[in-house]
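**Q** take this sequence and fold it.
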Amino acid sequence: MSGADPKGVDIVTFGCRLNAYESEVIRARAAEDGLSDAIVFNTCAVTNEAVRQARQAIRKARRERPGAKVIVTGCAAQIDPAAFAAMDEVDLVLGNAEKSAAGAYAERPAASPSEGKVRVNDIMSVRETAGHLIDGLKDRARAYVEVQNGCDHRCTFCIIPYGRGNSRSAPAGEVVEQVRRLAAEGYCEVVLTGVDVTSWGADLPGEPTLGQLVGRILKLVPDLPRLRLSSIDAAEIDRDLLRLFAEEERLAPYLHLSLQAGDDMILKRMKRRHSRADALRLVEEVRAVRPDTAFGADLIAGFPTETEAMFANTLRLVEEAGLSFLHVFPFSPRPGTPAARMPQLPRSVVKARAAALRQAGEAALDRHLARQVGRTLDALVERPGLARAPDFTEIAFEGEAQVGQITPLSIVGHAEGKARAVTPALLAAE
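**A** Okay, the predicted model is just below:
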């Protein structure tokens, strides 16, 4: 729980970076509306566990601050508002569109019996990404700009489109202007984020591509040292984006791919739009033009109907694609999704496969880190003693360096999932 003022407003965030981004919008909106002595829960619906944790946190908060107003919003609240409204601890449930609307947190007359304590509208009716959503989430080191929200795809394991709605893009001009302001404020790195970032532009006039947006940002904001992309769909990298990886050093050489599996039959049953060969081809094309690019991936272990041979294909993909950073998710059936109705694997099998994937991920990361030893990397200092290289390598370093600035670090070794480095001044002193 952020903050500790018993009469203030705490924002409790679950889930993705986009939720963290929107929690800052909620914080600003709540202040404008004069909200006080309240706790706002911005929930996630990716897994049943995320929903369970939110409900547990709500009950705990009520015990710790019995007089505070409890407001629940986010994807879980959007998808199942009645479940949260039925909790005695909850005073108000807001949908994903409502949570950042003007006046959402202002005092209003007692709700009508028909409204109760739920203000959740049809998310599928939302057609625009509102301007407040591109004001930028800022931490001490970097800033995030939401360029897109929602998703038009219907993967069989995913409930998120029903919490976020269909894909909608922020206009290019507004994105560029926000990045320009952030660069002027001194941010050395900006991350473009969204639910399905590579679908950016499909709903805008002329259907511009993500590559065109990235090119426009880099051209019109020459003072920005580094631009980074969040997770992208392996089915959707466009030619302009590929060209920029070849030509623009300011575009960070890292792609986190939403792969989910490495077996074609499982990908088909997931209703993914790429094949195993597509994923390998994408990695090969990017590395051909930018050899220093590192890749991460989301992978699901134990999807329904997955055989040992199918899982072996996913496990083998880690090494074949040269992945360095894995996010491994043991499959969890999400009510309301087609995958929840498919034949499920025993939980022991799911857990064992997730453990095997994580072990493969640790080995892949070790190989990646070993390749960095002896190099000097221009890394963004995230906090004292910790930085992030352009290719997303986490670096623990010795020496003095300013948070939020890009500084050269000499890699001297690696341990515990991080590269080990020293600053040039410290290296010279030795």
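
**Q** do a quick rundown of the helices in the stretch 201-350 of the chain.
**A** Remark: helices assigned in the stretch 201-350 of the chain by DSSP state H, counting those that start in this stretch are 210-220, 239-247, 264-270, 276-289, 308-320, 347-372.

**Q** helices or strands up against the shortest one?
**A** Applying 3 or more Cβ pairs under 8 Å, 6 or more residues apart in numbering; DSSP states H and E, one finds that helix 264-270 makes contact with helix 308-320. No exception for glycine: its C-beta is placed from N, CA and C like everyone else's.

**Q** contacts for the helix it packs on next, please.
**A** 259, 261-266, 276, 279-280, 297, 299, 301-302, 323, 326, 353, 356-357, 360-361, 364 (Cβ atoms under 8 Å, 6 or more residues apart in numbering).

**Q** mind redoing it with 7 Å?
**A** Here helix 308-320 makes contact (Cβ atoms under 7 Å, 6 or more residues apart in numbering) with 261-263, 265-266, 276, 280, 299, 326, 353, 356-357, 360-361, 364.

**Q** pull the most distant pair out of those residues.
**A** Across the contacts of helix 308-320, the longest distance by Cβ to Cβ is 23.8 Å; it joins M265 and A364.

**Q** among these two, which residue is more densely surrounded?
**A** Between M265 and A364, counted using other Cβ atoms under 10 Å, A364 has the larger neighbour count: 21 against 15.

**Q** how about the more buried one, what does it touch?
**A** Contacts of A364 by Cβ under 7 Å, 6+ apart are 318, 323-324, 326.

**Q** between those, which sits nearest A425?
**A** S324 (28.8 Å).

**Q** which one is that closest one nearest to, not counting chain neighbours?
**A** H368 (3.8 Å; Cβ to Cβ, 6 or more residues apart in numbering).

**Q** quick one: the one you found and G296 touch, right?
**A** No: applying Cβ atoms under 7 Å, one finds H368 not in contact with G296, separated by 10.1 Å.

**Q** overlap in contacts of these two?
**A** Here H368 and G296 have S324 as joint contacts, going by Cβ under 7 Å, 6+ apart.

**Q** show me what contacts G215?
**A** 240, 244.

**Q** check it and give its pLDDT.
**A** Note on G215: pLDDT of 97.

**Q** now swap in R140 and tell me
**A** 70.

**Q** for it, grab the count of nearby residues.
**A** 9.

**Q** once you drop chain neighbours, what's closest to it?
**A** V403 (5.3 Å).

**Q** which SS state does that neighbour fall under?
**A** Recorded secondary structure, V403: coil (DSSP: H, G, I helix; E, B strand; the rest coil).

**Q** re the thing from before, let me know the closest of the contacts of A364 to I39.
**A** Distance ranking of those against I39, using Cβ to Cβ, places L326 first at 33.9 Å.

**Q** that closest one contacts I300, correct?
**A** No: using Cβ under 7 Å, L326 is not in contact with I300, being 11.2 Å away.

**Q** for these two, indicate the residue with more neighbours.
**A** Between L326 and I300, I300 has the larger neighbour count (other Cβ under 10 Å), namely 25 against 21.

**Q** now do the same contact list for that one.
**A** 157, 260-261, 329, 331.

**Q** max pairwise distance over those residues: which two?
**A** Top of the distance list for those (Cβ to Cβ): A261 and F329, 10.9 Å.

**Q** average model confidence for stretch 178-194?
**A** 93.

**Q** residue ranges with poor pLDDT in the chain?
**A** 1-7, 108-115, 122-139, 427-430 (pLDDT under 70).

**Q** please report how far E416 lies from L369.
**A** 10 Å (Cβ to Cβ, to the nearest Å).

**Q** those two: which is more packed in?
**A** More neighbours surround L369 than the other of E416 and L369, with 22 against 8 (other Cβ under 10 Å).

**Q** kindly state the beta-bridge partners for the closest residue to the more buried one other than its chain neighbours.
**A** Closest residue in space to L369, ignoring its immediate chain neighbours: H414 at 3.7 Å, by Cβ to Cβ, 6+ apart. On the basis of DSSP bridges, H414 is bridged to A419.

**Q** what sits against H414?
**A** Applying Cβ under 7 Å, 6+ apart, the residues contacting H414 are 369-370, 372-373, 420.

**Q** now for these: which two are most distant?
**A** Greatest spacing in those, by Cβ to Cβ: A370 and R420 (11.7 Å).

**Q** okay, these two: which has more neighbours?
**A** A count of neighbours by other Cβ under 10 Å puts R420 above the other of A370 and R420, at 19 against 11.

**Q** make sure the more buried one is actually in contact with G399.
**A** No: R420 is not in contact with G399 according to Cβ under 7 Å; the separation is 11.7 Å.

**Q** for the stretch 51-200 of the chain, what spans make up the strands?
**A** Using DSSP state E, counting those that start in this stretch, the strands of the stretch 51-200 of the chain run over residues 69-74, 92-94, 118-119, 137-138, 143-146, 148-149, 168-169, 189-193.

**Q** what strands line up against the second one, and which way round?
**A** Sheet pairing of strand 92-94 (DSSP bridges) gives strand 69-74 (parallel), strand 118-119 (parallel).

**Q** got the contact list for Q344?
**A** 304, 333.

**Q** as a check, name the ranges of all helices in the stretch 1-150 of the chain.
**A** Per DSSP H, counting those that start in this stretch, the stretch 1-150 of the chain carries helices over the ranges 17-32, 48-64, 75-79, 81-85.

**Q** now do the buried residues in the last one.
**A** Within helix 81-85, the residues scored as buried using 16 or more other Cβ atoms under 10 Å are 81, 84-85.

**Q** and the gap between the closest residue to D298 other than its chain neighbours and H256?
**A** Distance criterion Cβ to Cβ, 6+ apart; nearest residue to D298, sequence neighbours excluded, is H327 at 4.8 Å. Relative to H256, H327 is positioned 8 Å away (Cβ to Cβ).

**Q** more crowded one of those two?
**A** Of the pair H327 and H256, H256 is the one with more neighbours under other Cβ under 10 Å, namely 20 against 16.

**Q** is it true that that one touches D233?
**A** No: contact criterion Cβ under 7 Å: H256 and D233 do not qualify, at 10.7 Å.

**Q** what does the closest residue to L280 other than its chain neighbours show for phi and psi?
**A** Leaving out its chain neighbours, the residue that sits closest to L280 by Cβ to Cβ, 6+ apart is A321, at 5.9 Å. Dihedral pair for A321: phi -90, psi -10, per degrees, to the nearest 10.

**Q** count of residues packed around A321?
**A** Quick note: A321 (other Cβ under 10 Å) scores 22 neighbours.
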